[in-house]
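Undergrad: When you get a sec, could you give me coordinates for this:
(chains A, B and C)
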Amino acid sequence: MPELPEVEVVRRGLERWVAGRTVTEVEVLHPRAVRRHPAGGADFAARLKGQRFEVARRRGKYLWLPLAETGTSVLGHLGMSGQLLVQPEDAADEKHLRIRIRFAASDSDSVTGAVGTELRFVDQRTFGGLSLHDQTPDGLPDVIGHIARDPLDPEFDDAAFQSALRLRRTTVKRALLDQSLISGVGNIYADEALWRSRLHYDRPTATLTRPRSAELLGHVRDVMNAALDVGGTSFDSLYVNVNGESGYFDRSLDAYGREDEPCHRCGTPMRRRAWMNRSSYFCPRCQRPPRASA
DNA sequence: CCGTACTCCTGGCAGC
DNA sequence: TGCTGCCAGGAGTACG
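TA: Numbering: from 1, shown residues only, chains lettered A, B, ... in the order given. From the prediction side, this is the model:
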């Protein structure tokens, strides 16, 4: 599934293929894809028509395309299975095509005579979607004001994050997934960063020393940057792919999905625990549970 | 403030 | 073989 690095790859693809283009037509093919747009699909399409996209921005797993001179943005979230594809206009519809956005012919099209491209939102499980929102003064869509900066944001405040961790009476994995503390960390990267940090997911955040929380944050960044390095090499094509099947997930995971397989550090079989309606993967030897939890 | 449970959805897969 | 049911996941919401 798309995580922060994949979403960043998509953002770069949009920057290259969609920035500066003017919308001529919008087709909403499934109502769930615009369910975060309260006025509905027809309103979404009507308000988008004739507007020009500026450079795509991202925070955590949210990305948005500001509409020039309107103070509004198209906000997107890929959910679990969403893709934003730039496709030739004459390419066959994908099975799970939800939204199609057509553009005025670009200069390069009219010069080369090539078939134009369109932007498609494709989503099998329909957890993701697009919607239109006003921007706050700092350029953020108003509905994501509660989303904290992500660890790849140059303005992410490490010291403030570490202080907030100590103050929260919660456990470390819960904190990593709390979008108001730090955004963009999903189940996979949380487990990977905890494994690298030799921390059990149920460790109370208040017991983390400064060096330990700094190390954890460093591992969160490392694991995301490693994935970005892999995924970031494949966007340079007409087809902006966000299928979550990047080689990174096949080759480089140390924790996620490795139940009963040997720990890459000590060889102990990895374990999986049901946790908050999902799973946590960890090494029972490297990542000892805290005394308070059984 | 914090935690838990629930919801949305589809397709792949295990088990009968 | 064809059914049933489980599972995957992010994020919002309701509630204790």
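Undergrad: in chain A, what secondary structure element scores lowest on mean pLDDT?
TA: Ranking every helix and strand in chain A by mean pLDDT, DSSP states H and E puts helix A:247-251 at the bottom, with a mean of 49.
Undergrad: contacting residues around the helix or strand following that helix?
TA: Using DSSP states H and E, the next helix or strand after helix A:247-251 towards the C-terminus is strand A:271-275. The contact list for strand A:271-275 (C-beta atoms under 8 Å, 6 or more residues apart in numbering) reads A:K173, A:Y201, A:E259, A:S279, A:S280, A:Y281, A:F282, A:C283, A:P284. No exception for glycine: its C-beta is placed from N, CA and C like everyone else's.
Undergrad: how near is the residue of chain A found nearest DNA strand C to A:A226?
TA: Residue of chain A nearest DNA strand C, by C-beta to the nearest atom of the strand: A:G186 (2.6 Å). A:G186 sits 15 Å away from A:A226, going by C-beta to C-beta, to the nearest Å.
Undergrad: if you count what's nearby, which of those two comes out ahead?
TA: Taking other C-beta atoms under 10 Å, A:G186 and A:A226 do not tie; A:G186 has more neighbours (18 against 14).
Undergrad: Nearest spatial neighbour of the more buried one, chain-adjacent residues omitted?
TA: Computed as C-beta to C-beta, 6 or more residues apart in numbering, the closest residue to A:G186 that is not its neighbour in sequence is A:E3, at 5.0 Å.
Undergrad: wait, what's in contact with the residue of the stretch 51-200 of chain A found nearest DNA strand B?
TA: Across the stretch 51-200 of chain A, the shortest distance to DNA strand B (C-beta to the nearest atom of the strand) belongs to A:T170, at 3.0 Å. Shown in contact with A:T170 (C-beta under 8 Å, 6+ apart): A:D178, A:P204, A:T205.
Undergrad: circling back: since we're on the residue nearest to A:G186, how many residues are nearby?
TA: Applying other C-beta under 10 Å, we find 25 residues neighbouring A:E3.
Undergrad: got it, and A:Q162?
TA: 20.
Undergrad: Name the residues of chain A found near DNA strand C, please.
TA: Residues of chain A lying near DNA strand C by C-beta under 7 Å from any atom of the strand: A:1, A:3, A:60-62, A:77, A:79-81, A:125, A:127, A:143-144, A:146-147, A:177, A:179, A:186-188, A:256-257, A:277-279.
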